[in-house]
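Asks: Here you go, sequence then predicted model.
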Amino acid sequence: MRRLLLRVVFVLALPALLVAGWWVASDDSTDVYWPPLRTILETFPDVWTSDRLEDDVLPSVLRLSGGYALAAVVGVALGTVIGSYRRVRAVCEPVLEFLRAVPPPVLIPVIMLFAGIGDTMKVTVIASGCVWPILLNTVEGVRAVDPVMAETARSYGITGASRLRTVVLRSASPQIFAGLRQALSIAIILMVISEMFAASSGLGFTIVQFQRSFAIPDMWTGILVLGLLGFLLSVVFQLVERRALGWYHGLRASTRRSR
Amino acid sequence: MKGQNAALGAAGLAAFLALGEAVPRLGLVKEAYFPPTSRIADALLDEVADSAFWTALGDTLTGWALGLAIASCAGIVVGVLISVVPHLREATASTIEFLRPIPSVALIPLAVLLYGSELRSVLLLVVYASFWQVLIQVLYGVQDVDPVAEETARSYGLGTWARIRHVLWPTALPYVMTGVRLAAAVALILAITAELIIGAPGLGKRIGVAQTSQAVPEMYALIVVTGVLGLLINVGARTVERRALAWHQSVRGEVAV
């Protein structure tokens, strides 16, 4: 009981201290750009009503998940193909390295040429930025499949789809998840930026609107919402990862103990 | 084997470029949207001859290098401090986990208000984004310190500073290097994004200007430049990593094989 209490104290102490510090330091702030935390929190419920959640946050999240899912499917599929054949890998490697090195936000102007400024543009931008870490990590993961395991599977006659599912993708999954984690933060960045560029709804759009109309406390609440969204997504990701990679973490822990 | 791979890679690159030339020429996509490779190359040559291009490149690199340097130093100092002082790690864990996933682009409106389109707004974004990469790696690295080595150092009477210097730092260095390498890539992305959105001088701003003035080949040429820049930074970071870790098992092992 005492240990649990101590843990809770450890988890909550610093955040509480920081928020309190922010509250006190900004309480009598007259600086336009740094409004008191009290004002920001009072504005929060007025700004983020259920209408706004539906009109701005929901489209953003839908675009994000659409682009992310597309990138995951394409990245894992292409990565598995490229990783499985040595020659294909050798041919593609320099081109892939180059495409990955292009900073994803510069693709927004290009994709705007093709796809206009609608939702297609945003989903494409998010997908085209996220796909590289997933793709390259899948290639590495598939390449690193334990040869003994691959041979064993072959001698047991495990081929085709079941080989792909139980041997190749299974053993590559820690790497794939590392790629997915990197892609998640890129996805949020691209979601916000593509909406800042050209949109009529969405979180990025709203925050820029607040900033341009000098509604500073409203802008701060937008920043808080983005922060909360980023945090929530990373928590969800960790939960999914813990489920999907439970076997792997267990394996790691047991080898570490036996050493 | 290695030569064959290089040849296949070059063939792949050549095929990629040829595809870029053929697709618009055959009319599969509109040339106005996707100019053939040769026209992009022409635009690239024009850019290279233009002194404004080099100024923009210099601006981008300044923002990148300064931001990366500040973020790396801060990440290393804070990381070591958090792990050395007792209980600080547990106390800060939740805060770090909360702050880290906050997308740095959320700070764009604030940066615009505070600093306009100056270098400082670029730095704000770059430092915020790359700081976490380094910090998290330092924390992992310090956790990896061999307890036996730590106890040995303690029993030989090494002080805190000497233990940081001789036990903690060499263990953490490979992790730190990985962190800095990741941070270098993130810093470039954020530097160019900040220029593109905020309009701070640099390559990103030039891309934005090329887009609004419908100079499509120039836009592609500049995007190619940013890609090459990213590639060079990756290769450079790997080289630095290998040099700095020449003594480390992971690198020595690679050389011996």
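Replies: Good, I have the coordinates. Numbering: from 1, shown residues only, chains lettered A, B, ... in the order given.
Asks: Up against chain B, what does the stretch 1-150 of chain A have?
Replies: A:7, A:10-15, A:18, A:33, A:87, A:90-95, A:97-110, A:112-114 (Cβ under 8 Å from any Cβ of the partner chain). Bear in mind the C-beta positions are built from the backbone N, C-alpha and C, glycine included.
Asks: Keep only those of these that are in helices.
Replies: A:7, A:10-15, A:18, A:87, A:90-95, A:97-101, A:107-110, A:112-114 (DSSP state H).
Asks: Now, of the residues you listed, which are buried?
Replies: Neighbour-count burial (16 or more other Cβ atoms under 10 Å in any protein chain shown) is assigned, among these, to A:10-11, A:13-14, A:90-95, A:97-101, A:107-110, A:112-113.
Asks: The residue nearest to A:Leu70 when sequence neighbours are not counted: neighbouring residues, count only.
Replies: Leaving aside its sequence neighbours, A:Leu70 sits nearest to A:Ala127 (Cβ to Cβ, 6 or more residues apart in numbering or on different chains; 4.1 Å). Neighbourhood size, A:Ala127 [other Cβ atoms under 10 Å in any protein chain shown]: 23.
Asks: how much space is there between A:Ala127 and A:Val168?
Replies: Counting by Cβ to Cβ, to the nearest Å, the gap between A:Ala127 and A:Val168 amounts to 23 Å.
Asks: same thing with A:Gln175?
Replies: 11 Å.
Asks: repeat for A:Trp220
Replies: 48 Å.
Asks: The two: who's more crowded?
Replies: Each of A:Trp220 and A:Val168 has its neighbours counted (other Cβ under 10 Å); A:Trp220 has more, 24 against 20.
Asks: all helices for the chain, in order.
Replies: Going with chain A. A:2-26, A:37-47, A:50-52, A:58-84, A:86-101, A:107-115, A:119-143, A:147-155, A:160-163, A:170-197, A:203-212, A:216-244, A:246-258.
Asks: that's the wrong chain, I meant chain B
Replies: Per DSSP H, chain B carries helices over the ranges B:2-25, B:37-49, B:51-84, B:88-99, B:108-115, B:119-143, B:147-155, B:160-163, B:169-198, B:203-212, B:216-244, B:249-256.
Asks: nearest to A:Leu180, of the ones you listed?
Replies: Nearest of the helices of chain B to A:Leu180, taken as Cβ to Cβ: helix B:169-198 at 15.7 Å.
Asks: Does chain A have contacts with that closest one?
Replies: Yes - against chain A, helix B:169-198 shows contacts by Cβ under 8 Å from any Cβ at B:185, B:188-189, B:192-193, B:196-197.
Asks: out of the residues you listed, which are buried?
Replies: B:185, B:188-189, B:192-193, B:196-197.
Asks: Just give me the closest of the residues you listed to A:Leu135.
Replies: B:Ala185 (15.6 Å).
Asks: Counting neighbours, what do you get for B:His248?
Replies: 16.
Asks: which parts of stretch A:117-134 are buried?
Replies: Neighbour-count burial for stretch A:117-134, counted by 16+ other Cβ under 10 Å, picks out A:119, A:121-134.
Asks: Those: which two are farthest apart?
Replies: A:Asp119 and A:Pro133 (23.3 Å).
Asks: and the gap between the closest residue to chain A within chain B and B:Met219?
Replies: Using Cβ to the nearest Cβ, the single residue of chain B nearest to chain A is B:Gly230, 3.1 Å away. Separation of B:Gly230 from B:Met219 (Cβ to Cβ) stands at 17 Å.
Asks: Compare the two (neighbour count), which wins?
Replies: Between B:Gly230 and B:Met219, counted using other Cβ under 10 Å, B:Met219 has the larger neighbour count: 25 against 22.
Asks: For that one, which non-adjacent residue is spatially closest?
Replies: Closest to B:Met219 by Cβ to Cβ, 6+ apart is B:Ala210, at 4.0 Å.
Asks: Check the burial of the one you found by counting its neighbours.
Replies: 21.
Asks: and if you look at the one 3 residues further on?
Replies: When neighbours are counted by other Cβ under 10 Å, B:Ser213 registers 10.
Asks: and if you look at B:Met177?
Replies: Neighbour number of B:Met177 under other Cβ under 10 Å is 21.
Asks: swap in A:Arg38?
Replies: Neighbour tally, A:Arg38, other Cβ under 10 Å: 13.
Asks: now swap in B:Ser117 and tell me
Replies: So B:Ser117, with other Cβ under 10 Å, has 17 neighbours.
Asks: wait, isn't it in contact with B:Ala200?
Replies: Yes - B:Ser117 is within contact range of B:Ala200, at 4.6 Å (criterion: Cβ atoms under 8 Å).
Asks: ok, so of the buried ones among the residues of helix B:169-198 next to chain A, who is nearest B:Leu66?
Replies: B:Leu188 (12.7 Å).
Asks: per-residue confidence at the residue in chain A that chain B sits nearest to?
Replies: At 3.1 Å from chain B, A:Ala101 is the closest residue in chain A, using Cβ to the nearest Cβ. The model reports A:Ala101 with a pLDDT of 88.
Asks: B:Ile198 versus that one, what's the distance?
Replies: 23 Å.
Asks: can you check A:Gly246 too?
Replies: 43 Å.
Asks: which ones are touching the residue nearest to A:Leu70?
Replies: A:66-68, A:70-71, A:74 (Cβ atoms under 8 Å, 6 or more residues apart in numbering or on different chains).
Asks: Then A:Ile158?
Replies: Contacts of A:Ile158 (Cβ under 8 Å, 6+ apart): A:166-167.
Asks: and the gap between it and A:Trp48?
Replies: A:Ile158 sits at a distance of 52 Å from A:Trp48 (criterion: Cβ to Cβ).
Asks: Kindly report the same for B:Gly230.
Replies: Taken as Cβ to Cβ, the span from B:Gly230 to A:Trp48 is 37 Å.
Asks: now do A:Pro59
Replies: For A:Pro59, the distance to A:Trp48 - Cβ to Cβ - is 15 Å.
Asks: cool, A:Thr152 as well?
Replies: Note on A:Thr152: its distance to A:Trp48, by Cβ to Cβ, is 55 Å.
Asks: And the two? Which one has more around it.
Replies: A:Trp48 (18 against 12).
Asks: residues near residue 150, how many?
Replies: No chain in the question, so chain A it is. 15.
Asks: right idea, wrong chain: chain B
Replies: Neighbours of B:Glu150 (other Cβ under 10 Å): 15.
Asks: Could you pull up the residues touching it?
Replies: Applying Cβ under 8 Å, 6+ apart, the residues near B:Glu150 are B:163, B:167.
Asks: got a list of what A:Val102 touches?
Replies: B:223, B:226-227, B:230.
Asks: Mind doing that once more with 6 Å?
Replies: B:226-227 (Cβ atoms under 6 Å, 6 or more residues apart in numbering or on different chains).
Asks: Now the phi/psi pair for it, please.
Replies: A:Val102 adopts backbone torsions of phi -70, psi 120, taken as degrees, to the nearest 10.
Asks: swap in B:Trp247?
Replies: Per degrees, to the nearest 10, the backbone of B:Trp247 is at phi -80, psi -10.
Asks: Near chain A, which residues of the stretch 101-250 of chain B are found?
Replies: B:101-103, B:105-106, B:109, B:113, B:188-189, B:192-193, B:196-197, B:207, B:211, B:223, B:226-227, B:230-231 (Cβ under 6 Å from any Cβ of the partner chain).
Asks: Go again with 8 Å.
Replies: B:101-110, B:112-114, B:185, B:188-189, B:192-193, B:196-197, B:204, B:207-208, B:210-211, B:216, B:219-220, B:222-223, B:226-231, B:233-234.
Asks: where does the stretch 101-250 of chain A have low pLDDT?
Replies: Judged by pLDDT under 70, the stretch 101-250 of chain A has no weakly predicted residues.
Asks: List the contacts of the nearest residue to B:Gln137 once chain neighbours are set aside.
Replies: Leaving aside its chain neighbours, B:Gln137 sits nearest to B:Gly179 (2.9 Å; criterion: Cβ to Cβ, 6+ apart). Counting by Cβ under 8 Å, 6+ apart, B:Gly179 touches B:72, B:75, B:133-138.
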